[in-house]
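K.L.:
got a sequence here, can you model it:
(4 chains)
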Protein chains: 2
Amino acid sequence: MQPKRQLLIDTALDLFYKSGINSIGINEVLSVSGVAKRTLYSHFQSKEALILAALQQRHTTFIGWLEQKLLGSQSDTEVIQRLFTALASWFENQEQLLGNFRGCFFINTSAEFSDVNSEIFRFCHFHKDQVRHVISQHLTAANHAMLDHICLLKEGAIVTAHLVIHPFLIDAESRRLRY
Amino acid sequence: MQPKRQLLIDTALDLFYKSGINSIGINEVLSVSGVAKRTLYSHFQSKEALILAALQQRHTTFIGWLEQKLLGSQSDTEVIQRLFTALASWFENQEQLLGNFRGCFFINTSAEFSDVNSEIFRFCHFHKDQVRHVISQHLTAANHAMLDHICLLKEGAIVTAHLVIHPFLIDAESRRLRY
DNA sequence: CAATAAGTAGACCGATTTGTCTACCTGCGA
DNA sequence: TCGCAGGTAGACAAATCGGTCTACTTATTG
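P.N.:
Take a look at the predicted model:
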């Protein structure tokens, strides 16, 4: 419909996810996308509106990806297996839909916009809530404790993959290239 | 020894942890601490040096706090119990040494400085490594798989407390105040 | 044809950023 | 008494930030 608007969101999401939102200025989004500044501000009221659109898009993509991964599971055990298999595949950059893994966009963003009452932080909170809801809907047993455990491990896995394991892999890679 | 230097680190850490590093300018650190700009740049080469000093201080504080919490445990089970009891106490703002809970300073910071090769990101990675090492040294059994599980749950708990549970508590609080 | 919506390039604005510089003050030890 | 380390206040520079504005160019469509 509005290809420029979509291009702006795609570009912004890419850059924001790669480098953090506060590190990316509006001018960088413009020069990378090749869109004029006037056009950006005809589609979005402010940078914050663009950020929220990018968060919204990432949210929709992620929920869709997750739904598809869990669809058709035959048991709770299979749901859990599928979930963590999918996460592992994401961490290893095997999930094209999600792009190169750089942690969870919503965890990262909430670290930059820490005011709990800001719209941006609340959207991050909302996203986590929705992911939890998707998982719960694929479980037959309405076991809240198990759901909590699954979500706890999921968050732990994402953060650990980003901050602990991923740098280690890059270290290994750079050593391999040096020798 | 150099009280102004220490005051700058304390102030910077406070502000950085509360609002995120990119949201806090050097001028804010100066006006809050009451120190002159010239003095800051006589102690630190750049803002990045101040950031690293703040990370270093938080690291030392956190490791010391953790050591003290785990000291004297009689079994692996007790280590685990003590660890998660201490974390829960931190989340509930009962740990004066660590200040008001706003997630893990190192997870938050690594979200803002996502370049894996930057000194700041590497320090965050280093911190997580050291925490893991402290925990492993208090366990009698050299069980790598169990250590991994503990660390995974720990990270999950920190992120979940920050992004999922804490906003919920603040919601409840604001509702309580409204009615 | 004419009107309109959507786009471009880029100058410009005021605020803010990190960092430098000048000029001056103060307390301490040789 | 002299020198100096360590401090203050704040002007200043250069860059960058988000955002506005003018003037012009398309493309579509009634």
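K.L.:
and residue A:108, how far from chain B?
P.N.:
4 Å (C-beta to the nearest C-beta, to the nearest Å). Bear in mind the C-beta positions are built from the backbone N, C-alpha and C, glycine included.
K.L.:
surely that residue meets residue A:18?
P.N.:
No: counting by C-beta atoms under 8 Å, residue A:108 does not reach residue A:18; the two are 10.4 Å apart.
K.L.:
identify the contacts common to the two.
P.N.:
Each of A:102, B:114 lies in contact with both residue A:108 and residue A:18 under the rule C-beta atoms under 8 Å, 6 or more residues apart in numbering or on different chains.
K.L.:
the more surrounded of those two?
P.N.:
Legend: neighbour count by other C-beta atoms under 10 Å in any protein chain shown for residue A:108 and residue A:18, higher for residue A:108 (22 against 14).
K.L.:
which pLDDT value belongs to the closest residue to the more buried one other than its chain neighbours?
P.N.:
Nearest residue to residue A:108, sequence neighbours excluded (C-beta to C-beta, 6 or more residues apart in numbering or on different chains): residue B:111, at 3.8 Å. pLDDT for residue B:111: 93.
K.L.:
now the element after the helix or strand encompassing residue B:111, going C-ward?
P.N.:
Using DSSP states H and E, residue B:111 falls within helix B:105-112. Once helix B:105-112 ends, the next helix or strand along the chain (criterion: DSSP H and E) is helix B:119-138.
K.L.:
not counting sequence-adjacent ones, nearest residue to residue A:113?
P.N.:
Leaving aside its sequence neighbours, residue A:113 sits nearest to residue A:120 (C-beta to C-beta, 6+ apart; 4.2 Å).
K.L.:
in this structure the one you found contacts residue A:53, no?
P.N.:
No: using C-beta under 8 Å, residue A:120 makes no contact with residue A:53, being 11.5 Å away.
K.L.:
and residue A:145, what's its pLDDT?
P.N.:
Note on residue A:145: pLDDT of 87.
K.L.:
what comes up buried for the helix or strand harbouring it?
P.N.:
Assigned by DSSP H and E, residue A:145 belongs to helix A:144-160. For helix A:144-160, the neighbour count (16 or more other C-beta atoms under 10 Å in any protein chain shown) marks A:147, A:150-160 as buried.
K.L.:
again, but for stretch A:28-44
P.N.:
A:29-30, A:33, A:35, A:39-40, A:43-44.
K.L.:
what's the stretch of helix or strand residue A:28 belongs to packed up against?
P.N.:
Using DSSP H and E, residue A:28 sits within helix A:26-33. The contact analysis (3 or more C-beta pairs under 8 Å, 6 or more residues apart in numbering or on different chains; DSSP states H and E) places helix A:26-33 against helix A:3-19, helix A:37-43, helix A:47-70.
K.L.:
report the contact partners of the most centrally placed residue in chain A.
P.N.:
Residue closest to the mean C-alpha point of chain A, counted by C-alpha atoms, centre = their mean, is residue A:105 at 3.8 Å. Residue A:105 is in contact with A:13, A:16-17, A:55, A:58, counting by C-beta under 8 Å, 6+ apart.
K.L.:
nice, that's everything, thank you.
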